[in-house]
Structure formats: C-alpha cells, structure tokens
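**Q** Here is a sequence together with a model predicted from it:
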Amino acid sequence: MLSRVAENIYWLARYVERAENTARLIRVNSHLVLDTPSGIAPGWEPLVDITGLRLQFETVEREPNERNIVRFLIGDAHNHGSILSSLAAARENCRTVREVLPRSSWEKLNELYLFAKENVQSGLTKSGRDDFLDGIISGSQQLVGLLGSVMYRDEAWHFSRIGRNLERADMTTRIIDVRSTDLFPDDMLESRSLDTLQWISVLRSMSGYQTYRRHVAIRVSRADVLDFLFHNPLFPRSFLHCISAVDDGIGKLENSGPALRGIRALKLKLRRVNVAELSQAQLHDFIDVLQLGIIDLHNSLAATYFPPELELEETG
Amino acid sequence: MPIELKEYDPGPFFDEMMAGKNRARPLAKEIIGLFRKMDSGELATRQDAANLAIKEMGITFTVYNENDGMIDRNWPFDIVPRIIEKHEWDRIEAGLKQRVKALNLFINDLYHEQKIIRDGVFPAEVLAESKNFRPQCVGVNPPLGVWAHICGSDLVRDADGTMYVLEDNLRVPSGVSYMLENRLVTKRVFPELFESYAPLPVDDYPTQLYEMLAALSPRNVKRPTVAVLTPGIYNSAYFEHAYLAMEMGAELVEGRDLFVDDDDCVYMRTVSGLQRVDVIYRRIDDEFMDPEAFRDDSVLGVPGLLRAWKARKVGLANAPGAGVADDKVVYAFVPEIIRYYLDEEPGIPNVPTYRCMYPEERQYVLDHLEDLVIKPANESGGYGMLIGPRSTKAERKTFAGLIKKNPRNYIAQPTLGLSTVPTVVGQCLEPRHVDLRPFILSGRKTFVTTGGLTRVALRKGSLVVNSSQGGGSKDTWIVETDN
C-alpha cells in the first residue's frame, strides 16, 4: 500500500470518529446542563478547552455562551475540528483513496457529509440539536459497520482501524474530562444524586449505560464508571479496549517496532494507575499524560509509514 | 397532463428519435410511447431521482474558478438515452478500428523512417511545427508497436444523417467513467425500458483496459503492478482516474509516490518499503510527465520516467509522443493516412477540413470566416475557437490576423448541424445537440466501447458539449433491431 494512501485512510478514519465523538460530547453536555441546577452548572465553556480549541474559538466568537459554542463545534468552517469541518476533511481524504475502499463507503460518507451540510442550521436550534447529533452518530456508525462487514483485512483496514481507535481513545478521555472539574461542594445535600445522574449521562453518551448495568453494577458510582471507561477490556469505547485495538492493528504491519514500543508504553502507563482512586485534579493531569502518549504514538506512526513532509520551497 | 410531442421541433437538424413533429423513428417507438403515457410531472420526478443518485454516488467533475477555487460539481446528466441501431454501430466500430490502426502506424513511422513524408503524402513542415512531436522519442520501439493505446474519437451526425469523425483524442482522453456511471443511473431510472430494448452492456471496459495495460508489462509475471498516474484531486478528471483505478484494482498514484532508481526501474513508496511498478496508465500530459526529459518545472511528474520507458523497464500508456497525431491539422490528413498505410478507404468520413497552411485553402477560409468554424491545432475543451455564424466582425478580424500570422496552427470546417436528441427541460422534452465519444483500446487486439459517451449541449441552440462549458451527458444504447 502506498504511504500516501495509508496516511489518508488513517486520517479519514480519525476525522469520521472525531465528528461522531464531537457529537457525543455536545450531547453529553446538553444533558448535563439540563440535569444541573442553573446556579452550579459549568455551562458550555469547558468544551472549548476539552477539545483543545480555545485559541481558535476566541478568534471567531466573542461570547462563550451556549449558542456560540455549539455553533463553533458543529458548523464553524474556521474551526478545523468542528463536525462539519471534520466530515469535509474526511470526504477530501476519501476522494483521494476511493479506489482502495469499498465503493459504498464513499457513497455513505458523501451522504453523511451532505446530511451535515444541509442540516447544520437546524442542528443549531435547541429543538433540532438532538436529531442532528443523532444523525451524525448513526451515520458514522453505519460507515464503520459497513467497512467492518465488507472490507478486505489488508493494510487499508489496519490503518483505518488504528486511526479510528486512536481517535476514539483520545475522545473518550476528553468526554470523561467534561466531568473532571469538581462541580459540587461536598456539603451540598443533593450533590450525591446529581453526581450519579451525571455519570449516567456520561455512560449514555458513549452508549455504555446498558452494558455497565449488566456487567459492572446496578449502582452508578464515579469509581466504577471510571474503572469501566478506562480499564474495561471488553467495552469497545473504553480506553484500554481502544488502545488494544491499536496495538493489534500495528502488530499486523511490517516494520512495526517503533510504533509497538510506543503503544506498549502507553498501555503500561494506564496499567500502573488506578484511575478510580484519583482526585478530579489528578484525573485531569493523568488524562493529559495519556493524550500526550497518543500524540507520541501518532508521530511514531508518521515517521515509519507516512510520506515525508513536503519540504517547502524557498521563495525569493 | 401527459407529455406533448406535437410541439417537439428539431428544425433543420437530424433528430435521433423523432422523424418529424409527433412522429417517432422506429427504434424510438417504445420510449416515445412511454413518454406519451407519462405524466409530465413524472418525467421531472425521474430526472430528479437521477440527479439525486448522481449526488449520492458522488459522480463529479472538478472545475477551477478564480473566485471560488476548486469546485466539485455533480455530473450533469439527462435521463433520455441516445439510441443507435447495432447494424449502424458495427459499421462505425469497424471504421474506428481502421482509423486507430492507421494512426498507430503513422505515429510509429514518424518516430522512425518517416516514409509517409518521403513519399510526399504528409508534409514535412506540418511535422516541423508540431507541438506534440517529441524528439526524445525518435527511434523508440514501444511494446507491440503501439503508441496510442487509448483513443477517444469524437463523432457527430450531420443534418443528412451521416456520421463524421470530428477529432481523435490521443493524449489523455477522458469521459469513459461517465459512460459507465450513466448506465448505472439509467438502470435505476428506466428499468422498464431495459426489458424491451435490452441495450448491449458497456461494463466490460475496465477489464479490457486492465488486460491491455497488463500486456505492456516488461516483466513476465502473472499479475503485474499497474498504476494510474494522476495529477491529483485538482484535475478536472480526477474522479475518472480514481474510478478506473478502483475498477481495475490498480494503484492510483501521484508523481510524488513514484521514483525512478539508478537501475531505471520505477518504484512506488509503500508502507512496506519500495515496490516495483510494471505499467503506468498516465493521465498527465507528456510535457508534465518527467521534469528530467520535458518541462523541468513540473511538480506533477516523475523524474526519470522517460528514461525508464526507453530502457523498457516500465510500460507507459499512452506512449510519450503519441499526441503527435492528436492535432487538428494532422486530423485533416487522416483519410490520406488511412489510404497510405492500409490501402483502404476510410470507413467513417472526416468532416471536410480546410488547412490554412495551403494558400488556396487559406484564402477560402479568409473569404468565408462567417460560415466556418475556425479551430487552433492544439487546444482542447472547445477553447480558442471561432464559430463563424455567431461571431462579431471584430472577432473575425482578430482570427484573420491569427491565421495569417500562423497558418499552420489553424484549420476550418463548415458548421455542422449536430444531430439532436429529446432532452428533459423542466417538465417537457426539447431537442438538444449531441456528439458521441467512443473509446478505442489498442494492444494485442483492438477493442471499442459499446457506444460511448454521448455528450449533450444543455443550453438551447448551443453546440458546445464540453462539461466545462455547460455540457451534460446521456446514456448511449446500442440495440439490436430486426432490419
């Protein structure tokens, strides 16, 4: 497989996953805001930091209010991480690798992009938001399901799986990070039940509530949820499961030494820490560590498999 | 309200379906019958369904615009097919094979002994001024002696019903992917007509193309590595490059994916290291193909590609230099070329063509600018033309100057009354002008597409069928008839 094609497929998978997870992120925050008394609700601003887009946000929007933040995350063309930009980038990447992907996957992605583009206005209204986000999430899942059921298990598949799971691992930590600030004073009477409600909404946003109840516990507690979302080996959106899939995919490639060392180091970092015992501040710092590990791993993949960066020609 | 054909008036032109107002030709009886039964709203609904299918299938072409940058436009398609009887098609197919065979002999001769010039059939000065003759290719013997492996020839039907060849595209002709996609869309739109008409299938093309390319492999391996070389996503035909690579199971590569090593072999950069490439279907013009041999400012090409080809370490289609026969002045000599090499009469006539290099013909052209179409030798896409009957006095003056300055660069032809086919306009059918581009593959054997790409000028009265200038396309059906 061509190095350029490998890179495009990897990013295609990452962009689609990013669009889906941004939709999940907005959905969990919407529910969080609805479930929280207005005086203590953290509002929407944390999302700007969690997605790592503070600088960009401040150049395009003035007020960090709900309307502006949602617009920025869903449809802003200047935000390269918005749902619409991610899908546009995925589509551009797909255009250049159409010949190696099943034909129906291009049609599906094209359809998803057109859905996002045509419905973005209604997605910005409060009443239309859920339908829009559901459309993005289910469109992305259809695409992943389609690839899973028809795609030949060659390098193209491995790179799409690596890209998707790396992005998912990253976004899982970001979604958990939405809850990483201490919301409630300890002496607050109803804080306990509010806390529970909000962990339920985190689980729901990752389609993990039902699984959690069946396989972990009926009672929803912070410690159990964190353990489930970081360490559970069987839940496909848990951090461990995602990076295990990345590990597996890399292991099937040639010349995988450097990237395998990177992924093993990341796994080791996860195994050494029991996230359930971390305070919110410690958790936030640990998530930073994991995210840096993901960046290192990406750099190592790029160095081994992707084309060398184009050297900019000198002008003048 | 049913669709009315009483007002359908092709005027002085030959209509492919209607012999007169409200009178269908025999081969169009059934489809016209279907339209007569159809509510006019339904026609529009089916056209909308086709447009939606094209949008969802992502069938696009790319246009570049200074204000908006790159735009990916949906492929404009008209649902009413163009139908040709098989017995007529058989004759056209034979004529095309004859033509391409002669053109390949001609190109090979130009790069070797140039017998046709010595024998006084083809003028040396035309060759001397040819923009597409590549001195770098002199003396090269490409595999199978073939230079133009893929040819797209444009056919038009005049008012009296005669089919003419308008031009031969031997450089990087495009459009075949749309021919294939048009069929898929039409099957969705008019399934009922497929039962009665049973148009001959077109989907064999990618297999034929692959086999032709594979036969150019310098290595005798079971499955040679074939790559389609594209200039990239900003090229107007990028969709087609990707499409053909996908259909053939070939690699789609850009120049930066390839490199030529000291052993003169071509390699592509893959995730598992370097991999040898055996055959390249290049969709980049000669000039940009290899900065080492041609334009050194090309960033699209692969340095050393010509060297690899000359060393017979890689197959190239079309061969570099094949474009020498893709020239509107050379076109004017094709009937002579066919007689010279094959000793046969052309199966399909050329459009009568005046060659401005000859004083007598030039004078005729200068005296009749108002009635003629003036074309520069080396432009494609309908650019740089003068359409006499629609030109202004100032335009004619400009062209007279251009012709006098560089007569070798211009030819002139009478304005043809291109035939028409009913085309959906809103809720009605109106006549629109069409041409036809079949594709001819030359390798061990010669293969002609079943029909080809029918291009249609969607603007009323327009004769310009190019997609970059408001043209669309139609499915083309070759059907067996009783007579």
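**A** Nice, I can see it.
**Q** Please name the residues that touch residue B:188.
**A** By C-beta atoms under 8 Å, 6 or more residues apart in numbering or on different chains, the contact list for residue B:188 reads B:49, B:50, B:53. For every residue, glycine as well, the C-beta is placed using N, CA and C.
**Q** same deal with residue B:24?
**A** Here residue B:24 is in contact with B:5, B:17, B:18, B:32, B:33 (C-beta under 8 Å, 6+ apart).
**Q** ok, 6 Å please
**A** B:18, B:32 (C-beta atoms under 6 Å, 6 or more residues apart in numbering or on different chains).
**Q** got a pLDDT number for it?
**A** According to the prediction, residue B:24 has pLDDT 92.
**Q** quick one: contacts for the closest residue to residue B:80 other than its chain neighbours?
**A** What sits nearest to residue B:80 in space, not counting adjacent residues and going by C-beta to C-beta, 6 or more residues apart in numbering or on different chains, is residue B:422, at 5.2 Å. The contact partners of residue B:422, taken as C-beta under 6 Å, 6+ apart, are B:17, B:80, B:429.
**Q** and stretch B:247-263 with chain A, contact?
**A** Yes - applying C-beta under 6 Å from any C-beta of the partner chain, one finds that stretch B:247-263 is in contact with chain A at B:252, B:257.
**Q** for residue A:46, helix, strand, or coil?
**A** At residue A:46 the chain is in helix, as set by DSSP: H, G, I helix; E, B strand; the rest coil.
**Q** Chain neighbours aside, what residue packs nearest to it?
**A** residue A:178 (6.1 Å).
**Q** What of residue A:108?
**A** Nearest to residue A:108 is residue A:143, by C-beta to C-beta, 6+ apart, at 4.9 Å.
**Q** For the one you found, give me the pLDDT.
**A** 96.
**Q** Surely it and residue A:107 touch.
**A** No - the pair residue A:143 / residue A:107 is not scored as a contact, 10.0 Å apart, by C-beta atoms under 6 Å.
**Q** more crowded one of the two?
**A** residue A:143 (25 against 16; other C-beta atoms under 10 Å in any protein chain shown).
**Q** Spell out the secondary structure type for that one.
**A** When classified by three-state DSSP, residue A:143 comes out as helix.
**Q** Flag every buried residue along stretch A:151-160.
**A** For stretch A:151-160, burial by neighbour count (16 or more other C-beta atoms under 10 Å in any protein chain shown) applies to A:151, A:155, A:156, A:157, A:158, A:159, A:160.
**Q** quick one: the third one and chain B, what's the gap?
**A** Residue A:156 sits at a distance of 10 Å from chain B (criterion: C-beta to the nearest C-beta, to the nearest Å).
**Q** In CSV, list the C-alpha atoms belonging to the helix or strand hosting that residue.
**A** Assigned by DSSP states H and E, residue A:156 belongs to helix A:155-177. In CSV, the C-alpha atoms belonging to helix A:155-177 read as follows (Å, rounded to 0.1, in the frame of the first residue of the first chain):
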residue,chain,number,x,y,z
GLU,A,155,-3.2,-2.7,5.4
ALA,A,156,-6.0,-0.3,4.4
TRP,A,157,-8.2,-1.9,7.0
HIS,A,158,-5.4,-1.9,9.6
PHE,A,159,-4.7,1.8,9.1
SER,A,160,-8.4,2.7,9.3
ARG,A,161,-8.8,0.7,12.5
ILE,A,162,-5.7,2.2,14.0
GLY,A,163,-6.9,5.7,13.1
ARG,A,164,-10.4,5.2,14.4
ASN,A,165,-9.3,3.6,17.7
LEU,A,166,-6.6,6.2,18.4
GLU,A,167,-9.1,9.0,17.9
ARG,A,168,-11.7,7.2,19.9
ALA,A,169,-9.3,6.6,22.8
ASP,A,170,-8.4,10.3,22.7
MET,A,171,-12.0,11.4,22.6
THR,A,172,-13.0,9.0,25.4
THR,A,173,-10.6,10.8,27.7
ARG,A,174,-12.0,14.2,26.6
ILE,A,175,-15.6,13.2,27.2
ILE,A,176,-14.6,12.0,30.7
ASP,A,177,-12.7,15.2,31.2
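**Q** pLDDT of that helix, averaged?
**A** Mean predicted confidence for helix A:155-177 is 94.
**Q** How about stretch A:238-254?
**A** pLDDT averaged over stretch A:238-254 gives 96.
**Q** and that stretch, does that touch chain B?
**A** Yes - Stretch A:238-254 comes into contact with chain B (C-beta under 6 Å from any C-beta), by way of residue A:254.
**Q** okay, residue 6: pLDDT?
**A** Since you didn't name a chain, this refers to chain A. The model's pLDDT for residue A:6 equals 95.
**Q** could you do chain B instead?
**A** 80.
**Q** Just give the number of residues close to it.
**A** 7.
**Q** same thing with the one 10 residues further on?
**A** Look at residue B:16: counted by other C-beta under 10 Å, it has 25 neighbours.
**Q** Alright, calling it a day.
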